[in-house]
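Q: Got a predicted structure here, sequence first:
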There are 2 protein chains.
Amino acid sequence: MGIAERKLRHKESIRIGILEAAWQLVITDGWQSLSIRKIADAIEYSIPVIYNHFENKEAILLEFTKEGFEKLAETLREVKATHADPAKQLAAMGDAYWDFAFDNKEYYQLMFGLGIPACDTVKKVPELQEMTALMISTIKEAIAGSKNPEADYFLKFHTYWSILHGLVSIQMIESGKPDVTKKMIVQDAMAGFTKALVD
Amino acid sequence: MGIAERKLRHKESIRIGILEAAWQLVITDGWQSLSIRKIADAIEYSIPVIYNHFENKEAILLEFTKEGFEKLAETLREVKATHADPAKQLAAMGDAYWDFAFDNKEYYQLMFGLGIPACDTVKKVPELQEMTALMISTIKEAIAGSKNPEADYFLKFHTYWSILHGLVSIQMIESGKPDVTKKMIVQDAMAGFTKALVD
DNA sequence: TATTTTTGCTAACACTGTTAACTAAAATGA
DNA sequence: TCATTTTAGTTAACAGTGTTAGCAAAAATA
């Protein structure tokens, strides 16, 4: 009796329909405005049907998070394979990581819980300028006194800030707590940065 | 006639009340679950009163974003002043940045649009392990072939990943677009990292 | 064919941000 | 002091959100 199988196939096809509809909505309107009702509308089923396939809305988004990490890992694996030297691998993987993030923005934002109200917000916050100005001036001073005084201060500022923000947000995602031992990471990263800066 | 002044004072006191109540709610329940109704409840006024003082909910949160950047800038300015050497300033400011983020977590999350569903999510995503494993193995290989083979691979992995994530998310916050010229930042940062890694 | 299981629906609950329309109080002018 | 105007604050609603209980119809089983 292939009845059970047919049913299973049908059930699975709805599940896939939900994910496809959801992803389409995420792509067009961003994951912030995804709603169960919109999905139900798109798949032409009533709302509760969705809850027969996913525990809740978060579970649907989690699916994409997983997909995103899979795709990213796949990409990195491929890129790694194109080089033999680990140092070159790291550089190439970094490049690929960057490209992945911007080629798959919705994935990346989901994967790392990026709310991104900031896109519009940043410009509304002149107070941000104060912080960046402070960092930039210090970077400039450091460069001026280094063995490479013609280094691009703006590029270095971006690197500096990004390292810090990256360390913090990865740490927040991973555990939420500060984790005293991990403060070494900051110091290590800062040491590496300034070393590369002043030569 | 001090009537206008009294009125203004009263209006201002409500505004402050809104912000204080909102901040209390953000502190206790996180900014995700802040609601206009909860604020109205706390200040013992009806809902529309809040809209006489703030255009919308976002405007209230924006206030905290500004506060956050002010506080961070203030902190960094103070720390900078405690050192004369720019390199030492950068290191100390990095330390202070880290501390600020975890001492003022709610501020930091607001400032950078960190949704942080991930805190619970990360553990639900075994796919993440694949990516980290890939990075870690490459880091290990690079360390093995470097002049400093006893370096802490886990620490270096964290640095590596954080730099990348930081670069990406700062770039996403600032413009949203990839910005071809900024890809240099990745390459510069990667170069600095691997240089510090292999010595 | 009668019974049970499954499938999917309607309708509701408890929230959310936001706003229109109204009342009551306070300030103003005569 | 009284009538008028302005302002402050209210209730009630609209249009959304995630989620679930209860029911009807269709399909599978006996």
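A: Structure's in. What do you need? Residues are numbered from 1 along each chain as shown, chains lettered A, B, ... in the order given.

Q: low pLDDT regions in chain A?
A: Filtered on pLDDT under 70, chain A yields the residue ranges A:1-3, A:116-121, A:176-178.

Q: Identify the residues contacting the residue of chain A found nearest DNA strand C.
A: For chain A and DNA strand C, the shortest gap (CB to the nearest atom of the strand) falls at residue A:46, measuring 3.1 Å. No exception for glycine: its C-beta is placed from N, CA and C like everyone else's. For residue A:46, the contacting residues are residue A:40, by CB atoms under 8 Å, 6 or more residues apart in numbering or on different chains.

Q: Distance check, it against residue A:36.
A: 11 Å (CB to CB, to the nearest Å).

Q: what about the strands in chain A?
A: Along chain A, no stretch is classed among the strands by DSSP state E.

Q: Not counting sequence-adjacent ones, nearest residue to the residue most central in space within chain A?
A: In chain A, the centroid-proximal residue (CA atoms, centre = their mean) is residue A:108; its distance is 3.5 Å. Using CB to CB, 6 or more residues apart in numbering or on different chains and skipping the chain neighbours, the partner closest in space to residue A:108 is residue A:101 (4.4 Å).

Q: and the one you found, how many neighbours does it have?
A: Residue A:101: 23 surrounding residues under other CB atoms under 10 Å in any protein chain shown.

Q: what sits against the nearest residue in space to residue A:195 that is not next to it in sequence?
A: Nearest non-adjacent residue to residue A:195, counting by CB to CB, 6+ apart: residue B:196, 5.8 Å away. Residue B:196 sits next to A:191, A:192, A:195, A:196 when contact means CB under 8 Å, 6+ apart.

Q: where exactly do the helices run in chain A?
A: If DSSP state H is used as the criterion, the helices of chain A fall at A:3-29, A:36-43, A:47-51, A:57-81, A:86-103, A:105-111, A:118-121, A:127-144, A:153-174, A:183-198.

Q: is DNA strand D contacted by the second one?
A: Yes. With CB under 7 Å from any atom of the strand as the measure, helix A:36-43 is seen reaching DNA strand D through A:36, A:37, A:38.

Q: so which of these comes closest to residue A:59?
A: If you rank these by distance to residue A:59 using CB to CB, residue A:36 comes first, at 11.3 Å.

Q: In this structure the closest one contacts residue A:50, no?
A: Yes. Residue A:36 is within contact range of residue A:50, at 5.7 Å (criterion: CB atoms under 8 Å).

Q: Might you report the residue contacts of residue A:188?
A: Counting by CB under 8 Å, 6+ apart, residue A:188 touches B:155, B:156, B:159.

Q: Identify the residues contacting the nearest residue to the second one once chain neighbours are set aside.
A: Distances taken as CB to CB, 6+ apart place residue B:139 nearest to residue B:156, at 5.1 Å, with adjacent residues excluded. Under the criterion of CB under 8 Å, 6+ apart, the contact list for residue B:139 reads A:86, A:90, B:153, B:156, B:157, B:160, B:197.

Q: I'd like these as TSV, with distance to DNA strand D and neighbour count appended.
A: Conversion of the contacts of residue B:139 to TSV gives the following (distance: CB to the nearest atom of the strand, whole Å; neighbours: other CB atoms under 10 Å in any protein chain shown):
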residue	distance to DNA strand D	neighbour count
A:86	44	22
A:90	40	24
B:153	39	20
B:156	39	25
B:157	34	20
B:160	35	27
B:197	44	22
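
Q: Measure how far stretch A:4-17 is from the centre of its chain, please.
A: Taking the mean of its C-alpha atoms, stretch A:4-17 sits 32 Å from the chain's own mean (CA atoms, centre = their mean, to the nearest Å).

Q: With stretch A:68-87 instead?
A: Counting by CA atoms, centre = their mean, stretch A:68-87 comes out at 17 Å from the chain centroid.

Q: and if you look at stretch A:185-199?
A: In terms of CA atoms, centre = their mean, the centre of stretch A:185-199 is found 24 Å from the chain centre.

Q: Buried residues, it. List them.
A: Residues of stretch A:185-199 classed as buried under the neighbour-count rule (16 or more other CB atoms under 10 Å in any protein chain shown) are A:185, A:186, A:188, A:189, A:190, A:192, A:193, A:194, A:196, A:197, A:198.

Q: contacting residues around the closest residue to the first one other than its chain neighbours?
A: So the one you mean is residue A:185. Spatial nearest neighbour of residue A:185, excluding adjacent residues (CB to CB, 6+ apart): residue B:158 at 5.0 Å. Taking CB under 8 Å, 6+ apart, we find residue B:158 in contact with A:167, A:170, A:182, A:185.

Q: Look up how far residue A:38 lies from residue A:141.
A: 52 Å.

Q: Ignore what I typed, I meant residue A:165.
A: For residue A:165, the distance to residue A:38 - CB to CB - is 33 Å.

Q: quick one: which of these two has more around it?
A: The residue with more neighbours, out of residue A:165 and residue A:38, is residue A:165; 25 against 15, by other CB under 10 Å.

Q: That one and residue B:170 touch, don't they?
A: Yes. Residue A:165 lies in contact with residue B:170 (CB under 8 Å); the separation is 5.6 Å.

Q: if we can go back for a sec, any chance of CSV for the residues of helix A:36-43 next to DNA strand D, columns distance to DNA strand C?
A: As requested, the residues of helix A:36-43 next to DNA strand D are exported to CSV (distance: CB to the nearest atom of the strand, whole Å):
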residue, distance to DNA strand C
A:36, 10
A:37, 9
A:38, 14
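
Q: out of the residues you listed, who's nearest chain B?
A: Nearest to chain B among the residues of helix A:36-43 next to DNA strand D, counting by CB to the nearest CB, is residue A:36 at 16.4 Å.

Q: give me the number of residues near the closest one?
A: That count, for residue A:36 with other CB under 10 Å as the rule, works out to 17.

Q: Who are the contact partners of it?
A: Here residue A:36 is in contact with A:47, A:50, A:57 (CB under 8 Å, 6+ apart).

Q: and if you look at residue A:138?
A: For residue A:138, the contact set (CB under 8 Å, 6+ apart) comprises B:80, B:86, B:89, B:90, B:93.
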